[in-house]
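Novice: Next come a sequence and a model predicted from it.
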Amino acid sequence: MLFISYHFMEQMPIPPLGVRGLKTLLFISGTRPEVIKLAPLIHAFRQQPQAFECRVCFTGQHRELALQAFDFFGIQPDYDLNLMQEKQGLPGLTASLMTALQPVFQQEKPDLVFVQGDTTTAFCGALAAYYAGIPVAHVEAGLRTGFIRSPFPEEFNRIAISKIAAYHFAPTEAARQNLLREGVPDLAITVTGNTGVDALLWAKTQVEKQKSPELEAFQQQLDPKNRRIALVTLHRRENQGAIMAGMQQALSTLATRYPEVLFVLPVHPNPQVRTALEPLAGLPNMRLTQPLSYEIFVWLLAESYLILTDSGGIQEEAPSLGKPVVVLREHTERPEALEAGTAILAGISPEDILETVSKLMDDAVAYEAMVAQCAQNPFGDGRACERILAQITNSFK
Ligand code: UD1
Ligand code: UDP
């Protein structure tokens with residue numbers, strides 16, 4: 001059955017999706033997490049070449065971070081808009097995305113556009129599709145903190161995408177409920193699990209089957225010597241500046257308090273983040289590294305004792321590897337992790353971070369209780385892409 005809902009855009013002409021024949025799908029991504037979370041979906045659709053022609057547009061919002069991920073998943077983008085600028089601001093990025101995406105739509109005339117999550121690439125991809133009169137499928141729809149500036153600008157981006165999208169692929173029931181509250185019709189929503197869990201499980205199998213020479217070299221170099229590993233990542237725009245400086249101080253105190261723990265911190269290439277975290281480089285049990293390839297990162301996640309992060313994707317991945325997460329943020333759009341007990345929202349002040357992390361380092365019972373909660377990942381079972389493929393295939397019938 002064909003079902004398209006333009007719940008806030010009743011006046012817009014609906015393209016004729018319900019016609020049989022080969023359909024062109026355009027997948028738009030620009031940052032590392034979008035590439036990782038769309039990769040298994042692109043592979044799933046590519047396994048149906050009689051029904052779908054898949055085109056991949058990489059905006060280049062990120063450069064090396066995203067290209068590493070494409071490489072790992074063996075996907076070659078059809079378009080590379082090459083947009084990244086050093087210290088890019090949101091107005092310039094938004095303007096260049098809108099200008100550069102239009103010719104891609106004119107060239108491909110896709111039947112359906114896929115965007116993922118809440119980045120500026122995803123927002124502009126959806127907006128450009130709307131301007132071109134092409135329906136949008138939103139993967140990872142319905143996440144909300146309820147605070148328009150946290151995360152910034154992602155909370156706005158995902159709300160805006162929900163106003164445009166025809167298909168809303170919600171990872172969880174809570175995300176579905178958020179969409180229903182905003183007036184998205186039930187029939188337009190499919191609860192799928194997060195495609196990031198599909199990607200992770202695939203990557204884990206690959207790492208178990210065969211390690212790349214890069215991973216072997218990293219393992220040798222890291223040499224944890226049976227020490228517990230605390231894996232740390234930080235990047236959120238709303239935390240940059242004074243808040244991230246406070247987090248750096250908290251990490252420094254933790255490294256001194258727990259000299260037997262090895263803190264590994266792959267530093268995001270954002271210059272603001274680099275500058276904030278640089279002072280940690282001199283500590284003997286702190287390893288600041290370049291951003292790690294997805295293969296190496298997945299291996300390191302599995303080796304870690306505890307994850308400290310402001311990342312969204314890592315919160316979704318960690319439970320599948322049995323790893324508790326301390327979320328270094330004030331608000332979360334992933335309450336499922338808190339409810340399931342796989343993550344703790346520590347807040348952003350150094351005192352709160354020290355207290356939460358110290359408890360999990362010192363109290364084996366509290367730590368093991370969190371590990372036990374990871375037995376079932378609240379974000380997915382690895383079959384999200386299968387459900388999205390089924391829904392879209394059904395819609396074209
Ligand atoms: C972006 C997304 C954020 C997502 C994050 C994932 C927006 C507004 N933000 O944030 O939602 O969680 O990606 O990592 O869409 N840089 C490089 N090389 C790279 C990537 C980035 O040098 O491969 C540097 C550049 O100086 C760039 C800066 O990082 O200007 C910031 O990149 P940007 O995409 O604007 O923001 P992120 O903080 O990465
Ligand atoms: N990741 C990676 N290498 C790293 C850090 C993270 O491959 O050095 C992966 C991680 O496994 C997850 C994704 O990048 O799949 C998360 O990206 P990020 O934290 O940048 O963005 P967010 O998920 O917060 O949007």
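Specialist: Sure, I can see it. Ligands and ions are numbered 1, 2, ... in the order given.
Novice: For the stretch 251-397 of the chain, which segments are assigned as helices?
Specialist: Using DSSP state H, counting those that start in this stretch, the helices found in the stretch 251-397 of the chain span residues 271-277, 294-303, 312-317, 335-340, 350-362, 364-373, 384-395.
Novice: Show the contacting residues for the nearest residue to His268 once chain neighbours are set aside.
Specialist: The shortest distance from His268 to any residue that is not its chain neighbour, by CB to CB, 6 or more residues apart in numbering, is 4.0 Å, and that residue is His235. Heads up, the C-betas are built off the backbone N, CA and C, glycines and all. Contacts for His235 (CB atoms under 8 Å, 6 or more residues apart in numbering) come out as 268, 270, 273, 310-311.
Novice: Where does His235 sit: helix, strand or coil?
Specialist: The assignment at His235 comes out as coil when based on DSSP: H, G, I helix; E, B strand; the rest coil.
Novice: now it: how far from ligand 1?
Specialist: If you measure His235 against ligand 1 using CB to the nearest ligand atom, to the nearest Å, the figure is 5 Å.
Novice: next one: Pro135
Specialist: To ligand 1, Pro135 is 22 Å away according to CB to the nearest ligand atom.
Novice: right, and that residue touches Leu112 too?
Specialist: Yes: A contact is recorded between Pro135 and Leu112 when judged using CB atoms under 8 Å, the distance being 5.5 Å.
Novice: just to revisit the earlier point, can you tell me which of the contacts of His235 lies nearest to ligand 2?
Specialist: Closest approach between these and ligand 2, by CB to the nearest ligand atom: Ser311, at 3.0 Å.
Novice: who touches the closest one in this structure?
Specialist: Under the criterion of CB under 8 Å, 6+ apart, the contact partners of Ser311 comprise 33, 233, 235.
Novice: coming back round to it: so which of the helices of the stretch 251-397 of the chain is the most surrounded?
Specialist: helix 312-317 (a mean of 26; mean count of other CB atoms under 10 Å).
Novice: For ligand 2, tell me whether it is touching it.
Specialist: Yes: shown here: helix 312-317 in contact with ligand 2 (CB under 6 Å from any ligand atom) through 312-314, 317.
Novice: Ala137 in helix, strand or coil?
Specialist: Ala137 is classified as strand under three-state DSSP.
Novice: The residue lying closest to it once chain neighbours are set aside: neighbour count?
Specialist: Excluding its sequence neighbours, the residue lying closest to Ala137 (CB to CB, 6+ apart) is Tyr167, at 4.0 Å. Here the number of neighbours of Tyr167 (other CB atoms under 10 Å) works out to 22.
Novice: residues in contact with Tyr167?
Specialist: For Tyr167, the contacting residues are 4, 112, 135-138, 188, 190, 391-392, 395, taking CB under 8 Å, 6+ apart as the criterion.
Novice: Now do the same for it: its pLDDT.
Specialist: Model confidence at Tyr167, given as pLDDT, is 98.
Novice: do the same with Pro324
Specialist: Listed pLDDT for Pro324 reads 98.
Novice: Who wins on neighbours among the contacts of Tyr167?
Specialist: Of all these, the most densely surrounded is His138 (29 neighbours; neighbours counted as other CB under 10 Å).
Novice: Find the nearest non-adjacent residue to that residue, please.
Specialist: With CB to CB, 6+ apart as the measure, Ala165 is the residue that lies nearest to His138, at 3.9 Å, once sequence neighbours are left out.
Novice: Let me know the closest of the contacts of Ser311 to ligand 2.
Specialist: Taking CB to the nearest ligand atom as the measure, ligand 2 lies nearest Pro33 of those, at 3.9 Å.
Novice: Near that closest one, how many other residues are there?
Specialist: Pro33 is flanked by 24 other residues according to other CB under 10 Å.
Novice: follow-up on the earlier one: could you dump the contacts of Tyr167 into CSV and include distance to ligand 2 and pLDDT?
Specialist: What follows is those, written out as CSV (distance: CB to the nearest ligand atom, whole Å; pLDDT from 0 to 100):
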residue, distance to ligand 2, pLDDT
Ile4, 28, 46
Leu112, 23, 97
Pro135, 25, 97
Val136, 19, 98
Ala137, 19, 98
His138, 15, 98
Ala188, 24, 97
Thr190, 22, 98
Gln391, 23, 97
Ile392, 23, 96
Ser395, 28, 91
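Novice: Helix, strand or coil: sort out the residue in the stretch 51-200 of the chain that ligand 2 sits nearest to for me.
Specialist: When CB to the nearest ligand atom is the measure, the stretch 51-200 of the chain has its nearest residue to ligand 2 at Gly196, with 5.9 Å between them. When the structure is reduced to helix, strand and coil (three-state DSSP), Gly196 reads as helix.
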